[in-house]
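In: need a structure here:
(2 chains)
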Amino acid sequence: MALIERFQKTTDIGYWEGQIPMNYIYTVGRAGEKFFREIMNGKIFGAKCDVCNIIYVPPRTYCEKCFARLEDSYVEVGTKGTVHTFTQCYETFDGMKKEAPSLVAVIRIDGTDGGLVHWLGEVDFKKVYIGMPVEAVFKAKKDREGSILDIKYFKPTK
Amino acid sequence: MSKRVAIVGIGTTGFRATTPDVSYRELTYEAATKAYLEAGIEPKDVDAFVATSEDFLEGYSIADEYCPDQLGAVLKPIYSITGDVIHSLASAYMMILSGIGNIMVVQGLSKASNMLTLSDMVTFAMDPIYNRPLKESPHAVAGMEMARYMYETGTTREQIAKVVVKNKRNALTNDLAAHGVLIDLDYVLNSEVVSYPLTQMDISPHSDGAVVMVLAEEETAKALSKKPIWIRGIGWCSDTPGLETRNWGEAIYAQMAADMAYKMAGIRYPRKEINFAEINDEFSYKELQHLEAMRICKKGEAGPLTEIGGTEIGGEFPVNPSGGCLGVGNLFELNGGHTVLEVVRQLRGETGKNQLKNVTTGLAQSWRGVPTTTGTVAILSN
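Out: Next comes the predicted model:
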């Protein structure tokens, strides 16, 4: 690579600093509307494809296998599931070290082919295992705002 | 019978952790100049160009508009693929088969060191409604995939760490690599945990660099090159993107992409008919998971094969003799360009101390990184 002259400090090399300010809203869509209205009621909903015998969680308006319309096929799926996989994460989303690690898992909701990515709570990392039964813990009803964060975490089922 | 297509020239800057002395344009210009010189062509001889760019990674909202000049493609047919360089290679290959022209150019670039907020950029790839509100690092996705892969296959932490030791050592004797180092198993096992079981040493550091290649139809290829490297098969595939419904243990996308490429190349027994592979090891366990997905190993056998040295240079089936992403650096969309480059160099006998003996067919594979489920495969022969 071309070095024309020797630089002693990398800051001597020319550069221009730039930022891209990016702010968006993301509409949740029709299936998302159903999911987030129900989550405020303390319920988790999916969408069932009768042809493929698949239940999608989170719900969607179409089956990705057979492309059938699922908008009339929303089903309540309960709030229990199992840990499909999990990790203890020490890094923040912007690459820094966390003050305390978080316990993140993919929860396969019972009787469905989908699930939710969420935190595990009320459990020690060393006690968690793949296949562990868990259930959703919701925020107090007055604090819910139609977000995935209306679920506080999943805790082991007693 | 379908036309045959070969790579007749390939140029690179090599790969470095930072490149403060050159702009992203100059990186591509250097690689292009070398590729054209090797193929004995000038930009005016090229029928069409395929560049590879991802807006957020390049730092432009229309990065493809900034591709033509440094390739010599001004006022020529050019477009950019937002994917992996092997996607671009497939596109150029198809253009030759469809008769659009005889000579095509493929480009890929990484200027990762330009990104001051690289982690935020990768986090921005997560689903905004269901995943991003948790504000978790994409490395948590890799940690969870690694845990599930180990659970389903019985692969051990030590077997995965062996991948890191091997690839970083291979990179030491690769002139193009940036992150070669001699370390032992304990060093990897004791490195800082990022997202359990994933440690700092399991994660490929980033690199800058560019690769440009010249493709030609059979007759032109034979006229231009004494050592044309033939594209025998190419494939690509994407699994469902959702973290909630995807397969966490197996890399189905790599399996389907490989099957597509094997079918085109007429390969039935990949372990026997292919001599070596350069595959994506952006995270150490991905090398093993990809090997199994592409049927080079049975499920759960890539770890044991690695443990006994079967994937070393000189082993039964060498994997990432270049050092892979772990040793050369994670190059984002250029990762596939790097694997093709190294397969070409091996098949031409140009890799010095890392040269494999008697190789005639190699496999180049790539993956678009977390949180994606997109894979690409190319099979090349000399």
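
In: near chain A, which residues of the stretch 101-250 of chain B?
Out: Counting by CB under 8 Å from any CB of the partner chain, the residues of the stretch 101-250 of chain B close to chain A are B:116-120, B:123-124, B:128-131, B:133-140, B:143-148, B:151, B:192-198, B:240, B:242-245, B:248. Glycine gets a C-beta too; all of them are placed from N, C-alpha and C.

In: Filter these down to just the buried residues.
Out: B:118-119, B:123, B:129-131, B:134, B:136-140, B:143-148, B:151, B:193-198, B:242-245, B:248 (16 or more other CB atoms under 10 Å in any protein chain shown).

In: and residue B:42, how many residues sit next to it?
Out: For residue B:42, the neighbour count with other CB atoms under 10 Å in any protein chain shown is 10.

In: where's the nearest residue to it once chain neighbours are set aside relative to residue B:81, distance?
Out: Nearest residue to residue B:42 in three dimensions, chain neighbours excluded: residue B:36, at 6.3 Å (CB to CB, 6 or more residues apart in numbering or on different chains). Residue B:36 is 21 Å from residue B:81, where distance means CB to CB, to the nearest Å.

In: Identify the bridge partners of residue B:81.
Out: residue B:52 (DSSP bridges).

In: ok, residue B:7 - contacts?
Out: Counting by CB atoms under 8 Å, 6 or more residues apart in numbering or on different chains, residue B:7 makes contact with B:213, B:214, B:215, B:228, B:229, B:231, B:340, B:344, B:380.

In: Next up, the contacts around the fifth one.
Out: The one in question is residue B:229. Contact analysis of residue B:229 by CB under 8 Å, 6+ apart lists B:6, B:7, B:343, B:344, B:347, B:348, B:380, B:381, B:382.

In: Out of these, give me the two with the largest separation.
Out: Farthest pair in these (CB to CB) is B:6 and B:343. Separation: 13.0 Å.

In: Quick one: mean pLDDT for the helix or strand residue B:10 falls within?
Out: Element membership for residue B:10 (DSSP states H and E) is strand B:5-12. For strand B:5-12, mean pLDDT rounds to 98.

In: On the C-terminal side of it, identify the next helix or strand.
Out: Past strand B:5-12, the next helix or strand by DSSP H and E is helix B:24-39.

In: hang on, residue B:40 packs against residue B:226?
Out: No. Residue B:40 lies out of contact with residue B:226 (CB atoms under 8 Å); the separation is 10.5 Å.

In: the more surrounded of those two?
Out: Neighbours per residue (other CB under 10 Å) separate residue B:40 from residue B:226, with residue B:40 holding more: 13 against 7.

In: Give me the phi and psi for the residue nearest to the more buried one when sequence neighbours are not counted.
Out: Nearest residue to residue B:40, sequence neighbours excluded (CB to CB, 6+ apart): residue B:224, at 5.7 Å. Dihedral angles of residue B:224 (phi, psi; degrees, to the nearest 10) stand at phi -90, psi -30.

In: Please determine how far residue B:224 is located from residue B:291.
Out: Taken as CB to CB, the span from residue B:224 to residue B:291 is 34 Å.

In: quick one, which of those two is more surrounded?
Out: Neighbours were counted for residue B:224 and for residue B:291 using other CB under 10 Å; residue B:291 has more, 30 against 20.

In: what about the chain, any weak spots by pLDDT?
Out: Looking at chain A here, since you left the chain open. A:1-8, A:10-11 (pLDDT under 70).

In: To clarify, I was referring to chain B.
Out: B:1.

In: ok, which stretches of chain A are strands?
Out: With DSSP state E applied, chain A shows strands at A:45-49, A:54-56, A:74-76, A:80-91, A:97-109, A:115-119, A:133-138, A:151-156, listed in chain order.

In: Summarise which helices and strands the fourth one is packed against.
Out: When you say that, I think you mean strand A:80-91. Using 3 or more CB pairs under 8 Å, 6 or more residues apart in numbering or on different chains; DSSP states H and E, the elements in contact with strand A:80-91 are strand A:97-109, strand A:115-119, strand A:133-138, helix B:138-153, strand B:193-195.

In: any idea how far residue B:143 is from the residue located most distally from the centre of chain B?
Out: Within chain B, the residue lying farthest from the chain centre (CA atoms, centre = their mean) is residue B:133, at 30.9 Å. For residue B:133, the distance to residue B:143 equals 19 Å [CB to CB].
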